[in-house]
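1. With the input below, show me the fold.
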Amino acid sequence: MEKNQDMIPSAPKHFTPQLDSQIGEDLTQEVAQFIVSRKFEDIPPEVVELGKKSMLDGFGLAIAGSVAESGEKVQKYLRQAGGPGEAIVIGTPIKTSSRFAAFANGVGIHADDYDDTQLAVSEDRVYGLLTHPTAPCLPAAFSEAQTLGRNGRDFISAYLVGVDVECKIAEAISPRHYQHGFHSTATCGPFAAASAAGRLRNFDQETMQRALSIAGSQSGGLRENFGTMTKPFHAGRAAESGVVACDLAALGWTATDKILEAPRGFFQAHGGGYDIHAIRGKLGSPWSFANPGVSIKPHPSGSLTHPGMTKMLELIAAHGIKAEDVKKVDVGTNHNQLNALIHHRPEDELQAKFSMEFCMAILLLDGRANLPEFTDETVRRTDVKEMIERINFHIHPEAEAAGYAKMTTIIDVHLQDGRTISGQADFGKGSPANPLSYDEVAEKFRGCAEFAHWRKDKTEKIISLITIVDSLTDLSELTSALCV
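-> A predicted model of the protein is given here:
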């Protein structure tokens with residue numbers, strides 16, 4: 001299926017980029033002040049509980065990612081490049097420096113594209129623009145907290161602050177940033193990692209500003225690499241970059257104090273502008289975990305597939321649809337979803353994660369789409385390939401008209417007996433509109449752990465510890481449960 005590149009706008013017509021540096025003056029200072037001054041007591045309890053769900057989710061994904069092919073390659077890389085240290089590579093016996101542990105665990109969390117997703121606030125924020133907030137931030141916070149001997153309250157507050165910085169930066173930058181090829185998890189993630197690491201190191205405002213600026217100069221990552229190992233590399237590199245930025249800032253490394261707002265700074269260089277009102281005065285007000293919320297994935301595939309997958313499962317259950325009864329399936333979305341879900345005839349598990357056709361096919365054939373279904377062997381099955389040929393993934397005018405703040409997906413299942421069964425969804429299971437409970441996230445965690453052949457006693461220990469992470473005097477029990 002050919003993609004019409006003329007349909008990728010530079011920005012929505014009602015987006016007005018911020019070009020006047022006077023209006024955005026001292027924005028980096030404002031961000032740094034938020035990072036170093038916000039106390040744990042200032043964070044609403046409901047935000048802390050939401051953060052615990054994403055933490056548990058991230059740790060489970062890191063365990064699963066440790067047995068991915070990319071995880072095996074990262075471990076070989078660390079044996080060549082990494083030295084001794086106090087931070088663990090989750091799911092392995094390896095201990096290394098904070099920067100390399102952050103890198104490895106960031107790759108692990110994002111390896112299966114199963115990690116949480118930031119949602120947009122305003123309608124001109126294309127959903128695809130935003131980030132996977134936990135993958136860059138949690139690894140940096142965790143490796144630094146171990147290395148520095150911090151307690152659970154310090155750890156989770158650094159994570160929550162870092163995620164909020166990442167989300168607000170992603171919300172502010174022009175939609176052109178994502179639409180023209182940048183992967184925002186990779187570009188906004190270094191700011192999250194630097195925020196978490198700098199907070200745990202008790203940086204003052206001036207040092208934090210320099211750390212953010214060093215992180216900004218390491219910002220990069222291109223969407224053309226979606227469906228390859230380089231996509232999770234983006235998350236790992238973002239986590240590592242934040243730690244490196246803090247390493248250098250602590251040594252007195254110099255950098256600008258206005259990396260975000262300057263005419264040659266992050267927002268202008270990476271996006272051609274930004275919306276000052278999306279970030280000024282908005283850090284922790286509201287916290288992104290609370291509003292608009294963070295979506296936790298029920299399936300290990302690109303989040304843009306999830307509304308359609310949720311609706312397809314509902315249709316299968318309600319109407320008893322069987323694969324042999326299906327003549328054709330029309331799946332209609334807006335064009336931004338087609339520009340992200342680019343693998344229409346996937347050849348391996350990584351491409352399948354960005355294939356609406358595969359996701360629909362495997363649900364019709366197997367009735368589920370979890371880690372065991374996203375393997376090279378499954379993708380190459382004859383019945384999967386044949387079912388994929390019956391899936392028509394296309395631009396639907398109603399989905400296009402619904403706006404890009406939604407993931408509107410319209411499904412028409414045409415059966416062999418002439419009937420058509422239809423459904424529509426704007427968001428999938430796991431979104432704030434239909435959230436996963438802590439117990440449901442715990443079940444997902446158990447699935448990730450089982451996939452990695454993890455010990456059940458350790459699995460249950462982690463699930464229990466995260467519920468009380470803010471009361472832990474140190475992280476030794478959690479660390480022990482997460483490594484071999």
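
2. what sits against the residue lying closest to G152 once chain neighbours are set aside?
-> Nearest residue to G152, sequence neighbours excluded (C-beta to C-beta, 6 or more residues apart in numbering): L472, at 3.2 Å. For every residue, glycine as well, the C-beta is placed using N, CA and C. Going by C-beta atoms under 8 Å, 6 or more residues apart in numbering, L472 touches N151, G152, R153, F155, L465, L478.

3. Going by neighbour count, which of those comes out on top?
-> Ranked by the number of neighbours (other C-beta atoms under 10 Å), the contacts of L472 place F155 first, at 26 neighbours.

4. secondary structure element for that residue?
-> helix 152-172 (DSSP states H and E).

5. Which strands or helices does that helix pack on?
-> Packing partners of helix 152-172 (3 or more C-beta pairs under 8 Å, 6 or more residues apart in numbering; DSSP states H and E): helix 27-37, helix 45-65, strand 117-118, helix 134-148, helix 184-200.

6. try 6 Å
-> Helix 152-172 sits against helix 134-148, helix 184-200, with contacts defined as 3 or more C-beta pairs under 6 Å, 6 or more residues apart in numbering; DSSP states H and E.

7. where's it relative to the chain centroid, distance-wise?
-> 13 Å (C-alpha atoms, centre = their mean, to the nearest Å).

8. same question for that helix, mean pLDDT?
-> Across helix 152-172, the average pLDDT comes to 97.

9. ok, then the element right after that helix?
-> On the C-terminal side of helix 152-172, the closest following helix or strand by DSSP H and E is helix 176-179.

10. In PDB, please show the C-alpha coordinates belonging to that following helix.
-> Extracted as PDB, the C-alpha positions of helix 176-179 are listed here (Å, rounded to 0.1, in the frame of the first residue of the first chain):
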ATOM      1  CA  ARG A 176       5.800  18.800  12.600                       C
ATOM      2  CA  HIS A 177       8.500  17.200  14.800                       C
ATOM      3  CA  TYR A 178       6.900  13.800  14.700                       C
ATOM      4  CA  GLN A 179       5.300  14.100  11.300                       C
END
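
11. Output the contacting helices and strands for it.
-> If you count contacts as 3+ C-beta pairs under 6 Å, 6+ apart, helix 176-179 packs onto helix 266-271.

12. Now L119: closest residue in space, sequence neighbours ignored.
-> Excluding the flanking residues, the one nearest L119 by C-beta to C-beta, 6+ apart is P292, at 4.6 Å.

13. now the helices and strands packed on helix 152-172 as a markdown table including distance to D325, mean pLDDT and mean neighbour count?
-> As requested, those are exported to a markdown table (distance: least, C-beta to C-beta, whole Å; pLDDT from 0 to 100; neighbours: other C-beta atoms under 10 Å):
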| stretch | distance to D325 | mean pLDDT | mean neighbour count |
| --- | --- | --- | --- |
| helix 134-148 | 39 | 98 | 31 |
| helix 184-200 | 39 | 98 | 32 |
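
14. Could you export the ones you listed to TSV, including columns for distance to M309?
-> Formatted as TSV, the helices and strands packed on helix 152-172 follow (distance: least, C-beta to C-beta, whole Å):
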stretch	distance to M309
helix 134-148	21
helix 184-200	21
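
15. what's the distance between the residue nearest to G152 and A449?
-> For L472, the distance to A449 (C-beta to C-beta, to the nearest Å) stands at 20 Å.

16. quick one on the thing from earlier: give me the buried stretch members for the helix holding F155, please.
-> Burial within helix 152-172, assessed by neighbour count using 16 or more other C-beta atoms under 10 Å, is assigned to 152-172.

17. Please apply the same query to stretch 457-477.
-> Buried, per 16+ other C-beta under 10 Å, within stretch 457-477: K458, T459, K461, I462, I463, L465, I466, V469, D470, L472, L475.

18. Now the nearest residue to the first one once chain neighbours are set aside. Its backbone dihedrals?
-> For K458, ignoring the flanking residues on the chain, the nearest one in space by C-beta to C-beta, 6+ apart is A481 at 4.7 Å. Backbone geometry at A481, expressed as degrees, to the nearest 10, gives phi -70, psi -20.

19. and A481, what pLDDT?
-> Listed pLDDT for A481 reads 98.

20. Let me see the contact set for I466.
-> By C-beta atoms under 6 Å, 6 or more residues apart in numbering, the contact list for I466 reads K52, M55, L56.

21. Who are the packing partners of whichever strand or helix holds I316?
-> Using DSSP H and E, the element containing I316 is helix 306-319. Judged by 3+ C-beta pairs under 6 Å, 6+ apart, the packing partners of helix 306-319 are helix 356-366, strand 409-415, strand 420-425.

22. If I take it and strand 409-415, what angle do their directions form?
-> 40 degrees (axes from the mean of the first three to the mean of the last three C-alpha atoms, to 10 degrees).

23. Which one of the helices and strands packed on helix 152-172 lies nearest to F34?
-> F34 lies closest to helix 184-200 among the helices and strands packed on helix 152-172, at 8.6 Å (C-beta to C-beta).

24. State the next helix or strand along the chain beyond the closest one.
-> For helix 184-200, the following helix or strand on the C-terminal side (DSSP H and E) is helix 205-216.

25. for that following helix, packing partners?
-> Counting contacts by 3+ C-beta pairs under 6 Å, 6+ apart, helix 205-216 is packed against helix 27-37, helix 184-200, helix 230-250.

26. Output the contacting helices and strands for the first one.
-> The reference is to helix 27-37. Counting contacts by 3+ C-beta pairs under 6 Å, 6+ apart, helix 27-37 is packed against helix 205-216.

27. Okay, buried residues for the helix it packs on please.
-> Q205, T207, M208, Q209, R210, A211, L212, S213, I214, A215, G216.

28. farthest-separated two in these?
-> Using C-beta to C-beta, the pair of these lying farthest apart is Q205 and G216, separated by 16.4 Å.

29. before we move on, the earlier item: just the residues contacting the helix holding F155, thanks.
-> Helix 152-172 has contacts (C-beta under 6 Å, 6+ apart) with 35, 38, 40, 43, 51, 118, 121, 125, 130-131, 133, 137-138, 141, 145, 184, 188, 191-192, 195-196, 199-200, 274-275, 278-279, 282-284, 287-288, 469-470, 472.
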